[in-house]
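Novice: pasting the structure only:
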DNA sequence: CACCCGTGGTG
DNA sequence: TCACCAAGGGT
């Protein structure tokens, strides 16, 4: 793969995304990367802008309550990401002097920061020459280098992408360009190969062989995930604690499933029970300075006690 | 490795 | 219409 072709294309094709503008801090880039985990750019952009305006630094985020963080997260999905991001803020504020670590191995110790996010921060926020492998990069390399439409994640992906990186300081831009190509041209559904800047593509040379084993997507309708979403939506939209009966109304078809969903939200620390037995977003009523969260006991009459409450 | 974790746009 | 899919991570 010719780096010059990709970099030349990226120079004019790159989208003007808010987290790419000058002055954006490593923390704000970390926020964007977490929000972008499985959520499309178009939905992240407005939430990210509002978020970093309200909480520009880790310490500002840490000082907020989890409930406010979950509300600001809105409907981006997978709200555990929001809670882990808040945990990141607390850790960075208290242990790293409000500075996001630049070292990949240290980044990997942060909650909700995995292989992709750690390297994305090291690369895009700190300009390090480290491979960044997301679904876009994997798909582009799979097609261009191997001539295959799709490939499952492999432990060799990192080394392969590392070998493609330019030796100089253009490596971060190269990775950004690779991702951009996958996001806008070499897309999963209907790739726009006519707009591709690459002169050589093994997939094209092989006449675009289709994927052999279509990967089945996760079902959503009727799952615990849907029920959790409905329950959390009620709590996000209520400033006051909610009665159990109000939560029960969101899922009448399967009471056992509904109870299981509420149970798991409590276990995840996304929801808490007030002393009078009602329910609220975690951290409701401690809107400031809550560096140490203090989980309270669960009323056994209303919900079965948790075996593994975090302390 | 398989499965779980939300939500909404789209071909 | 309804699967598919979107800058993944944790267990």
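Specialist: Cool, the structure landed. Only a predicted model underlies this, so the values are computations on that prediction, with no experimental measurement involved.
Novice: in the stretch 51-200 of chain A, which spans are helices?
Specialist: In the stretch 51-200 of chain A, the helices defined using DSSP state H, counting those that start in this stretch lie at A:58-63, A:66-73, A:80-95, A:104-107, A:115-120, A:135-146, A:157-164, A:171-184.
Novice: mind putting those in a markdown table, mean neighbour count included?
Specialist: From N, CA and C alone the C-beta is placed, and that goes for glycine too. Formatted as a markdown table, the helices of the stretch 51-200 of chain A follow (neighbours: other CB atoms under 10 Å):
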| stretch | mean neighbour count |
| --- | --- |
| helix A:58-63 | 20 |
| helix A:66-73 | 20 |
| helix A:80-95 | 20 |
| helix A:104-107 | 16 |
| helix A:115-120 | 21 |
| helix A:135-146 | 21 |
| helix A:157-164 | 16 |
| helix A:171-184 | 22 |
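Novice: would a markdown table of those helices with mean pLDDT and distance to residue A:255 be doable?
Specialist: Output for those, formatted as a markdown table (pLDDT from 0 to 100; distance: least, CB to CB, whole Å):
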| stretch | mean pLDDT | distance to residue A:255 |
| --- | --- | --- |
| helix A:58-63 | 98 | 37 |
| helix A:66-73 | 98 | 25 |
| helix A:80-95 | 98 | 24 |
| helix A:104-107 | 98 | 42 |
| helix A:115-120 | 98 | 37 |
| helix A:135-146 | 97 | 37 |
| helix A:157-164 | 97 | 44 |
| helix A:171-184 | 98 | 42 |
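Novice: who wins for proximity to residue A:41 among those helices?
Specialist: Closest of the helices of the stretch 51-200 of chain A to residue A:41 is helix A:171-184, at 7.4 Å (criterion: CB to CB).
Novice: if we can go back for a sec, just send the helices of the stretch 51-200 of chain A back as a markdown table, with distance to residue A:41 too.
Specialist: A markdown table is the format used below for those (distance: least, CB to CB, whole Å):
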| stretch | distance to residue A:41 |
| --- | --- |
| helix A:58-63 | 22 |
| helix A:66-73 | 16 |
| helix A:80-95 | 16 |
| helix A:104-107 | 22 |
| helix A:115-120 | 14 |
| helix A:135-146 | 11 |
| helix A:157-164 | 21 |
| helix A:171-184 | 7 |
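Novice: and those helices as JSON lines, adding distance to DNA strand B?
Specialist: Listed next are the helices of the stretch 51-200 of chain A as JSON lines, based on distance: least, CB to the nearest atom of the strand, whole Å:
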{"stretch": "helix A:58-63", "distance to DNA strand B": "19"}
{"stretch": "helix A:66-73", "distance to DNA strand B": "9"}
{"stretch": "helix A:80-95", "distance to DNA strand B": "5"}
{"stretch": "helix A:104-107", "distance to DNA strand B": "20"}
{"stretch": "helix A:115-120", "distance to DNA strand B": "12"}
{"stretch": "helix A:135-146", "distance to DNA strand B": "12"}
{"stretch": "helix A:157-164", "distance to DNA strand B": "12"}
{"stretch": "helix A:171-184", "distance to DNA strand B": "12"}
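Novice: so which of those gets nearest residue A:265?
Specialist: Using CB to CB, the helices of the stretch 51-200 of chain A put helix A:80-95 closest to residue A:265, at 9.7 Å.
Novice: quick one, the closest one and helix A:66-73 angle?
Specialist: Put simply, helix A:80-95 runs at 130 degrees to helix A:66-73, going by axes from the mean of the first three to the mean of the last three CA atoms, to 10 degrees.
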